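Trainee: Based on what follows, work out the 3D shape:
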Amino acid sequence: MEGLIMNQTQTKAATSLTTKQAKFAQELFTAYSTRTPLNMADWEGTVQDEATAYLVQERLTQLKEEKVAAYKVSLTSAETQKMFASTSPLYGAQVASRLRQSPTEVSLSELMEPLVEVELEFRAVQELKSTDSLTELMEKTTVAAGLEVPDSRFKDWFPTLSKYLVMSDAAVGGLVLYGTEKPTTDVFKTPEELAQVHCELRCNDRKLKEGVSAEVLDNPLNSLHWLVTKLEQQGHPLTVGQLVSTGTFVLPPKLTAGRWSAKFDHGLGNVDVTVTK
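Mentor: Numbering: from 1, shown residues only. Reported below is the predicted structural model:
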């Protein structure tokens, strides 16, 4: 059944895009593969609505020829929505090779213009549905501390890249780094507690940012529920085993060489990464 759904999705993406939009997806893949950035001005206006942007993203994902292992949710705060002229979140599919467990190492040479965000990561251990309550989502997931590395296939992209180009570019997906996973209900007793997670982001032992999970649609579980509902509406629901990076607590700084650490409370621990040139 999963293969049938994927084939239907591939056919839809291939037949619904214009010649220029299909070329856009190919150019995004080339930029992804060669780390040669595109110019925004060359592609502005190519995609002018959400449905088409997600079709371009689907085609880009197909070209990667890897399993979709995760999704990232972006624009989960009023501040970031305003920056990208949006009134709702958006998502990007993340392939398996882009997920890494902490502690780990990352080379800037494998990225383009990366930023760094602190997030909560949820993994579906049972089927998640749009009808699930926040408590039910807790019962069906694991949770882990997360450090996401947004990265774009466009030159000088942050914060000027338009919303539809962001969506087409897999929500500017780069890497998703995650810590120790635990059953969500072992860490949190109520959904409300998930709005109270504090994180401190440090580089070379210097504090750069700190934030709280309430910045993520008031509660990261709301972000997870939004994604589950969105994917269900689009006909390719989240599957058991997939990870969801639910949105940043802080406005992201640039990722630079050094020792990075995101330190979470509530017993979630740290995400540690050494970034080299």
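Trainee: what pairs with Lys143 across the strands?
Mentor: Heads up, residue 143 is Val, not Lys. Note on Val143: beta-bridge partners Phe122, Lys182, judged by DSSP bridges.
Trainee: ok, it touching Thr185?
Mentor: No: under the criterion of C-beta atoms under 8 Å, Val143 makes no contact with Thr185, lying 9.2 Å away. All C-beta atoms are positioned from the backbone trio N, CA, C, and that covers glycine.
Trainee: Which of these two has more residues huddled nearby?
Mentor: Val143 (29 against 15; other C-beta atoms under 10 Å).
Trainee: From Asp186, how far out is that one?
Mentor: 9 Å (C-beta to C-beta, to the nearest Å).
Trainee: ok, and Val166, which helix or strand is that part of?
Mentor: In the assignment (DSSP states H and E), Val166 maps to helix 163-168.
Trainee: likewise Glu113?
Mentor: According to DSSP H and E, Glu113 maps onto no helix or strand at all.
Trainee: Quick check: it touching Thr160?
Mentor: No: between Glu113 and Thr160 there is no contact under C-beta under 8 Å: 11.8 Å.
Trainee: the more surrounded of those two?
Mentor: Glu113 (20 against 11).
Trainee: Okay, strands next: where are they in the protein?
Mentor: Residue ranges of the strands in the chain, as given by DSSP state E, are 68-74, 90-95, 99-101, 104-107, 117-124, 141-149, 175-178, 182-183, 198-203, 206-212, 243-245, 258-264, 269-276.
Trainee: So which elements touch the last one?
Mentor: Taking 3 or more C-beta pairs under 8 Å, 6 or more residues apart in numbering; DSSP states H and E as contact, the helices and strands that strand 269-276 lies on are strand 104-107, strand 141-149, strand 175-178, strand 258-264.
Trainee: tilt between that strand and strand 117-124?
Mentor: 120 degrees (axes from the mean of the first three to the mean of the last three C-alpha atoms, to 10 degrees).
Trainee: Strand partners (parallel or antiparallel) of strand 269-276?
Mentor: As assigned by DSSP bridges, strand 269-276 forms pairs with strand 104-107 (parallel), strand 258-264 (antiparallel).
Trainee: Ok, the second one next?
Mentor: Strand pairing for strand 90-95, using DSSP bridges, gives strand 68-74 (antiparallel).
Trainee: how many other residues sit next to Ala41?
Mentor: Neighbour number of Ala41 under other C-beta under 10 Å is 9.
Trainee: dump the residue contacts of it.
Mentor: Shown in contact with Ala41 (C-beta atoms under 8 Å, 6 or more residues apart in numbering): no residues.
Trainee: what about the closest residue to Ser107 other than its chain neighbours, how many neighbours?
Mentor: Leaving aside its chain neighbours, Ser107 sits nearest to Thr276 (5.0 Å; criterion: C-beta to C-beta, 6 or more residues apart in numbering). With neighbours defined by other C-beta under 10 Å, the count for Thr276 comes to 11.
Trainee: Also Leu134?
Mentor: Considering only other C-beta under 10 Å, Leu134 is surrounded by 17 other residues.
Trainee: Kindly provide the distance from the residue nearest to it when sequence neighbours are not counted to Ala93.
Mentor: Distance criterion C-beta to C-beta, 6+ apart; nearest residue to Leu134, sequence neighbours excluded, is Pro191 at 3.9 Å. Pro191 sits 26 Å away from Ala93, taking C-beta to C-beta as the criterion.
Trainee: shaky segments in the protein?
Mentor: Residue ranges of the chain with pLDDT under 70: 1-15.
Trainee: contacting residues around the residue nearest to Leu134?
Mentor: Pro191 makes contact with Leu134, Thr135, Met138, Asn219, Leu221 under the criterion C-beta under 8 Å, 6+ apart.
Trainee: cutoff 10 Å now
Mentor: Ser133, Leu134, Thr135, Glu136, Leu137, Met138, Thr184, Asn219, Pro220, Leu221, Asn222 (C-beta atoms under 10 Å, 6 or more residues apart in numbering).
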